[in-house]
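Visitor: Based on what follows, work out the 3D shape:
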Amino acid sequence: MSTSPIDSAQAASDLLGALGEQLAARGEHYTLAVVGGSALLALGLVSRATRDVDVLAIVNGDELLSAQPLPTALAEAAHTVARDFGLADDWLNPGPASLLELGLPEGFAERAQHHDFGPGLEILFASRVDHIHLKLYATVDQGAGKHLADLQALAPSERELLDAARWSRTHDPSDGYRDELTRVLAHFGVDDGRLGP
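Guide: Numbering: from 1, shown residues only. Next up, the predicted model:
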């Protein structure tokens, strides 16, 4: 099995195009909100490889619905793509759906970039601004590594980091989180005193 199947915008497009074809063949159509490494690759914002496509939500009109668990038709189509491309069966990953529980940055859906992958699939890739929010939260919550590297690649401004920091505090208002947030902001030369209490 391939461990890093997605290493370019073209690779992301090929996989999602294949998924769209499988869905169309089943008479299905889904609109998915996607975040993380594959979205950043597809938008040309990073150049690192990733092993999966992180599905934040299934989009139904103006609603963002949890993708956990994946609907049966979508899971079956993803399984066929995994077989055809030699991927791990969990390459379409609904793990980030938990972010919906505490709320996304205001205006998330309006900022997302829409891409069609045939008649069976539309993807809303989270915008650069929203990835700054998500990657700052992940860096503080989970430690450095790929999240910090992605955040650095996004080259956030001080204002963008402060906006993201304020949003992230709505997910974790604990003192421990605030202390780590202060350290991460300092890494970018940002004084957390401007965050307020």
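Visitor: Contacts for the longest strand anywhere in the chain next, please.
Guide: Longest strand in the chain, counting residues (DSSP state E): strand 53-60. By CB atoms under 8 Å, 6 or more residues apart in numbering, the list of residues contacting strand 53-60 from outside reads 6, 12, 15-16, 30-39, 64-67, 70-71, 91-97, 99-100, 104, 109, 122, 124, 126. The C-beta positions use only the backbone N, C-alpha and C, and glycine is treated the same way.
Visitor: Using CSV, write out the CA atom coordinates for it.
Guide: Provided in CSV are the C-alpha atoms of strand 53-60 (Å, rounded to 0.1, in the frame of the first residue of the first chain):
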residue,chain,number,x,y,z
VAL,A,53,-7.9,13.4,2.1
ASP,A,54,-9.3,15.0,5.3
VAL,A,55,-13.1,15.4,5.0
LEU,A,56,-14.4,18.0,7.4
ALA,A,57,-18.1,17.8,6.4
ILE,A,58,-20.7,16.8,3.9
VAL,A,59,-22.3,19.9,2.4
ASN,A,60,-26.1,19.9,2.1
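Visitor: I figured residue 141 hits residue 172, correct?
Guide: Yes - using CB atoms under 8 Å, residue 141 is in contact with residue 172, at 6.8 Å.
Visitor: Strands of this structure, start to end?
Guide: 30-35, 53-60, 63-65, 92-93, 113-116, 121-125.
Visitor: who does the longest one pair up with?
Guide: Strands flanking strand 53-60 in the sheet, each with its direction: strand 30-35 (antiparallel), strand 63-65 (antiparallel), strand 92-93 (parallel) (DSSP bridges).
Visitor: Tell me which of those strands approaches residue 134 most closely.
Guide: strand 30-35 (5.9 Å; CB to CB).
Visitor: what's the spacing between the residue positioned nearest the centre of the chain and residue 119?
Guide: Taking CA atoms, centre = their mean, the centroid of the chain lies closest to residue 35, which sits 1.4 Å from it. Taking CB to CB, to the nearest Å as the measure, residue 35 falls 24 Å from residue 119.
Visitor: do residue 53 as well
Guide: 19 Å.
Visitor: Show me which of the two is the more surrounded one.
Guide: Between residue 53 and residue 119, residue 53 has the larger neighbour count (other CB atoms under 10 Å), namely 26 against 14.
Visitor: Apart from its chain neighbours, what residue comes closest to that one?
Guide: Of all residues not flanking residue 53 in the chain, residue 38 sits nearest, at 4.5 Å (CB to CB, 6 or more residues apart in numbering).
Visitor: Spell out which residues make up each domain of this protein.
Guide: 9-126, 129-195 (automatic domain parsing).
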